[in-house]
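Trainee: Could you work out the structure for the sequence below:
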Amino acid sequence: MESHLSSSGSSPNRRSRLFEMQSIARWFAQFKVNWRSQFAAIRAFAPLLKKSGDGLVVSISSIAAFTGIGSNIAYCAAKAGIDVMTKALARVLAPEVRVLAVSPGVVDTQFVSGRDSGFNEKVAASTPLARIGEVDDIAAAILACATLLGFSTGHIIQVDGGRAL
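Mentor: Sure, this is the predicted structure:
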């Protein structure tokens, strides 16, 4: 096994400012989906990746990890965990395995319920590249991790059109 794409996510639309609505059970559920599942998959596949001698892990994070802006606090925190795990695993699994993460901004999908074209237009207007991301933008970043970034490990690749600036 030479590469593993670790992508899991769930983000119920519970505004971050409504801290009181975020029960411990919901918090743990968010971590289970957004962090623990990626960790478990990487741990399971690490021996095969190391055996290849040129393994690659690409995790999917989010700019919510460092902006703190997301559909809920637990999602932001879990994705921050992905970013730190990426850096830590890059040290532990090297030199046999490179570990990178792709950190999307707003992408034109139905990932978060309640987002409509009005939301997308508002975000696009406030983004330096004047649009939101497309699925192909994220796929291109993942492909670049596998094909062009052979001397990179432990980095988080932002794919957000400059939104986090």
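
Trainee: can you pull the alpha-carbon coordinates of the longest helix seen in the chain into CSV?
Mentor: For the chain, the helix that runs over the most residues, judged by DSSP state H, is helix 73-93. In CSV, the C-alpha atoms belonging to helix 73-93 read as follows (Å, rounded to 0.1, in the frame of the first residue of the first chain):
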residue,chain,number,x,y,z
ILE,A,73,-17.0,24.5,18.0
ALA,A,74,-16.5,20.7,18.2
TYR,A,75,-16.0,20.6,14.4
CYS,A,76,-13.3,23.3,14.6
ALA,A,77,-11.6,21.6,17.5
ALA,A,78,-11.6,18.2,15.8
LYS,A,79,-10.1,19.6,12.6
ALA,A,80,-7.4,21.4,14.6
GLY,A,81,-6.7,17.9,16.0
ILE,A,82,-6.2,16.7,12.4
ASP,A,83,-3.7,19.5,11.8
VAL,A,84,-1.6,18.7,14.9
MET,A,85,-1.9,14.9,14.2
THR,A,86,-0.6,15.6,10.7
LYS,A,87,2.6,17.3,12.1
ALA,A,88,3.1,14.7,14.8
LEU,A,89,2.6,11.7,12.5
ALA,A,90,5.0,13.2,9.9
ARG,A,91,7.7,13.0,12.5
VAL,A,92,6.8,9.5,13.7
LEU,A,93,6.3,7.8,10.4
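
Trainee: State whether Val102 is indeed within a strand.
Mentor: Yes: assessed by DSSP: H, G, I helix; E, B strand; the rest coil, Val102 belongs to a strand.

Trainee: just to revisit the earlier point, give the rounded mean pLDDT of the longest helix of the chain.
Mentor: Helix 73-93 comes out with an average pLDDT of 95.
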